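> sequence plus predicted model, see below.
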Amino acid sequence: MKGAIVFLVVFAIVVIITLGNTAIPPGKAIYDVVLPNTEAASGYLIGGQVDAVTAIIAVFNGVIYGFIAWLIFTLATMGRRKKEKPQTINQVVNVNIGDKGTSPQPPPQS
């Protein structure tokens, strides 16, 4: 769950930053490879404010950098968990047997 929060926070930050500057790699390079010759859509505005090409590049960057941050966070938390000592729990269970409602004596504990 914490990894998802890390992904979403980094995704949102990178999208906002990329909306101001589309030169941040690798979004523009991926856009050119995946959607070649589609710069004609650059005049199309999303919500009347953001250029469609800029929004696509921002989402590409957000997903890539969010995934990298999530992966680093996951590996760091896995490394930290291995250092923790395992906890042992001893538990005694008594079971009532018989139709008289009496139970046998439990074995002696050592």
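Now that the structure is in, tell me what you want to look at.

> CA only for contacts and neighbour counts going forward, please
Will do.

> neighbouring contacts of the one helix or strand in the chain whose mean pLDDT sits lowest?
Lowest on mean pLDDT, DSSP states H and E among the helices and strands of the chain sits strand 45-46, with a mean of 86. With CA atoms under 8 Å, 6 or more residues apart in numbering as the test, strand 45-46 has contacts from 51-52.

> and that strand, which strands flank it?
strand 50-51 (antiparallel) (DSSP bridges).

> helix or strand right after the partner strand?
Once the chain leaves strand 50-51, the next helix or strand it forms, by DSSP states H and E, is helix 52-82.

> what comes up buried for that following helix?
52-67, 69-70 (16 or more other CA atoms under 10 Å).

> try stretch 18-33
Buried, per 16+ other CA under 10 Å, within stretch 18-33: 18-19, 22, 24, 27-28, 31.

> biggest separation within these, which pair?
19 and 31 (14.3 Å; CA to CA).

> packing partners for the strand or helix carrying residue 14?
Following DSSP H and E, one finds residue 14 within helix 2-20. Applying 3 or more CA pairs under 8 Å, 6 or more residues apart in numbering; DSSP states H and E, one finds that helix 2-20 contacts helix 52-82.

> between helix 2-20 and the helix it packs on, find me the angle.
150 degrees (axes from the mean of the first three to the mean of the last three CA atoms, to 10 degrees).

> for the remainder of this discussion, apply numbering that starts at 54.
Taking 54 as the first residue, the last one we looked at is helix 105-135.

> which secondary structure elements does helix 105-135 contact?
Partner elements for helix 105-135 (3+ CA pairs under 8 Å, 6+ apart): helix 55-73, helix 80-87.

> for residue 134, which of those is the nearest?
Nearest of the helices and strands packed on helix 105-135 (CA to CA): helix 55-73, 14.4 Å.

> output the below-cut-off pLDDT ranges for this protein.
Scanning the chain for pLDDT under 70 picks out the ranges 94, 135-138, 149-157, 163.

> what do you get if the cut-off is 90, keeping everything else the same?
54, 75-76, 88-102, 105, 132-163 (pLDDT under 90).
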